[in-house]
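Participant: sequence and computational prediction follow.
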Amino acid sequence: MSKHGKILVAMSGGIDSTVAAVMLREEGYEVVGVTMKTWDYSSSGGSKKETGCCSLDSINDARHIAVEHGIHHIILDIREEFGNYVIDNFVDEYLAGRTPNPCVLCNTHIKWEALLKRADMLDCEFIATGHYAQKNQTPDGRYYISKGLDESKDQSYVLWGLSQKSLARTILPLGEFHKKDIKQMAINRGYHELAAKSESYEICFVPDNDYRGFLKRRVDGLEERVDGGNFIFADGTIVGKHKGYPFYTIGQRKGLDIAFGEPMFVIKIIPETNTVVLGKERELDRNGMWVGDLNIQKYENIFEARETVTKIRYKTPGSFAHIKQIDQMMEVVFSEKVSAIAPGQAAVFYEGNDVIGGGWIKQSFEI
């Protein structure tokens, strides 16, 4: 009989999930390892060798480590579910002129749900991952995510969508450690190659980082359908032709293939007319936005204005803002203007190190 009960651990074959699983086993949990197969890159038509958490090498690494430590290991094939939800959303968002964030969507709607479902089947009380974040609880019992101790590796931004039900059963063993400590733990246990393994920051189904090529392969006739739309200025002046609105993102400067004698940026995308609006960098600045599809973790709601630090991109420190929930939307007013607010991206609201909640950016505005 295990000391702490049975726990299902997501094992990708990388250093973080490996150390998380070994730590939990050493603490006395009965660990069951699960590696999720989310995507078969060969089906995308890309040219780069399959890498990352979905590759055969990573799956084999996870299985080898599990067997070495006497951990029961299973492979969970969720390619169909992942493709139908995450990839379809990825394509639909670009076709709607927005910039998606598939990793957040996958964490909250696919991986956690798949883990909990399999945990129930295997009589596991808890699930665990190798994310650098911490879980806390308010005096009235609400669970919420807080930043990991290692600010440079903090992954709280991608976990804002976890429900109270999911959080109640989640353990995040790496949240109180720095990455260097985890590497040393791996080395101490003989995993020198794992500690030296490079990390992948690419979208798992676009490992060559060419999302435009992925869209072209995924949507028949897309390139011909959208080619030749207009680049315009905000006043409506046509200044050139582009290759299709889905192939541009808010804030983009490089790859416009058009010269103006000074830097120009994508400031707006209008899919209905296949139009891309260009402007100077200052034209990207906004001081407010509407955020929808909310998930509030730390509080039941935010109907009264609250001061936060709000992040609109993963690797940024965030900006001071007042937020106020109005029905199912969050009004966010920044203390200072913020550049390149991109509809489709995640907005996450912080109170100190704690995640209040988050949602998807719907529209920016200027007061």
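Facilitator: Yes, it's here. Residues are numbered from 1 along each chain as shown.

Participant: what about R63, distance to S12?
Facilitator: Between R63 and S12 the distance, using C-beta to C-beta, to the nearest Å, works out to 12 Å. (Glycine included, C-beta is placed from N, CA and C.)

Participant: quick one: common contacting residues for these two?
Facilitator: Common neighbours of R63 and S12, using C-beta atoms under 8 Å, 6 or more residues apart in numbering, are T35.

Participant: so where does L116 fall, helix or strand?
Facilitator: Using DSSP states H and E, L116 sits within helix 112-121.

Participant: so how far is that helix off the chain centroid?
Facilitator: Centroid separation between helix 112-121 and its chain, computed with C-alpha atoms, centre = their mean, to the nearest Å, is 20 Å.

Participant: beyond it, next helix or strand please.
Facilitator: Past helix 112-121, the next helix or strand by DSSP H and E is strand 126-128.

Participant: helix or strand right after that following strand?
Facilitator: Using DSSP H and E, the helix or strand that follows strand 126-128 towards the C-terminus is strand 133-137.

Participant: so what secondary structure elements neighbour that next one?
Facilitator: strand 143-147 (3 or more C-beta pairs under 8 Å, 6 or more residues apart in numbering; DSSP states H and E).

Participant: other SSEs contacting the strand it packs on?
Facilitator: Secondary elements touching strand 143-147 (3+ C-beta pairs under 8 Å, 6+ apart): strand 133-137, helix 164-168, strand 354-365.

Participant: deepest in the core, which of the ones you listed is it.
Facilitator: Each of the helices and strands packed on strand 143-147 was scored by mean neighbour count; the highest is strand 354-365, a mean of 21, by mean count of other C-beta atoms under 10 Å.

Participant: hey, C-alpha coordinates of that one in PDB?
Facilitator: Output of strand 354-365 as PDB, limited to C-alpha atoms (Å, rounded to 0.1, in the frame of the first residue of the first chain):
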ATOM      1  CA  ASP A 354      -1.700  34.700  -7.800                       C
ATOM      2  CA  VAL A 355      -3.800  34.100 -10.900                       C
ATOM      3  CA  ILE A 356      -7.200  35.600 -10.500                       C
ATOM      4  CA  GLY A 357      -8.300  34.100 -13.800                       C
ATOM      5  CA  GLY A 358      -8.200  34.800 -17.500                       C
ATOM      6  CA  GLY A 359     -10.000  34.600 -20.800                       C
ATOM      7  CA  TRP A 360      -9.600  35.200 -24.500                       C
ATOM      8  CA  ILE A 361      -9.100  38.700 -25.900                       C
ATOM      9  CA  LYS A 362     -12.000  39.700 -28.100                       C
ATOM     10  CA  GLN A 363     -11.400  43.300 -28.900                       C
ATOM     11  CA  SER A 364      -9.100  46.200 -28.000                       C
ATOM     12  CA  PHE A 365     -10.300  49.800 -27.600                       C
END
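
Participant: what's the angle from that strand to strand 133-137?
Facilitator: Put simply, strand 354-365 runs at 110 degrees to strand 133-137, going by axes from the mean of the first three to the mean of the last three C-alpha atoms, to 10 degrees.

Participant: and of the helices and strands packed on strand 143-147, who's closest to E125?
Facilitator: Between E125 and the helices and strands packed on strand 143-147, the tightest spacing by C-beta to C-beta is seen for helix 164-168, at 10.3 Å.

Participant: okay, the angle between the helix or strand containing V9 and helix 112-121?
Facilitator: Element membership for V9 (DSSP H and E) is strand 6-10. Calculated by the same axes, to 10 degrees, strand 6-10 forms an angle of 150 degrees with helix 112-121.

Participant: summarise which helices and strands strand 6-10 is packed against.
Facilitator: On a contact count with 3+ C-beta pairs under 8 Å, 6+ apart, strand 6-10 meets helix 15-27, strand 30-37, helix 112-121, strand 126-128.

Participant: can you give me the helices in the stretch 201-350 of the chain?
Facilitator: 211-218, 222-226 (DSSP state H, counting those that start in this stretch).

Participant: which residues does the nearest residue to H192 once chain neighbours are set aside contact?
Facilitator: Using C-beta to C-beta, 6 or more residues apart in numbering and skipping the chain neighbours, the partner closest in space to H192 is A186 (7.8 Å). A186 is in contact with 15, 18-19, 192, 194-195, counting by C-beta under 8 Å, 6+ apart.

Participant: mind checking how far A186 is from V19?
Facilitator: In this view, A186 and V19 are 6 Å apart by C-beta to C-beta.

Participant: and the pLDDT for I65?
Facilitator: We have a pLDDT of 86 for I65.

Participant: that one against V9, yeah?
Facilitator: No - I65 is not in contact with V9 according to C-beta atoms under 8 Å; the separation is 10.9 Å.

Participant: buried residues of the helix holding L116, list them for me.
Facilitator: Counting neighbours by 16 or more other C-beta atoms under 10 Å, one finds that the buried residues in helix 112-121 are 112, 114-116, 118-119.

Participant: the residue nearest to H192 in helix, strand or coil?
Facilitator: helix (DSSP: H, G, I helix; E, B strand; the rest coil).

Participant: and the gap between it and I59?
Facilitator: From A186 over to I59 (counting by C-beta to C-beta), the distance is 19 Å.

Participant: low-scoring stretches of the protein, by residue?
Facilitator: The model of the chain has pLDDT under 70 over residues 1-2, 41-56, 200-201.

Participant: so what are the domain limits for it?
Facilitator: 6-130+173-196, 222-276, 284-365 (automatic domain parsing).

Participant: now these in a markdown table, with distance to W160?
Facilitator: Formatted as a markdown table, these follow (distance: least, C-beta to C-beta, whole Å):
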| stretch | distance to W160 |
| --- | --- |
| domain 6-130+173-196 | 7 |
| domain 222-276 | 21 |
| domain 284-365 | 3 |
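
Participant: so which of those domains is nearest Y157?
Facilitator: Y157 sits nearest to domain 284-365 of all those, at 5.0 Å, using C-beta to C-beta.
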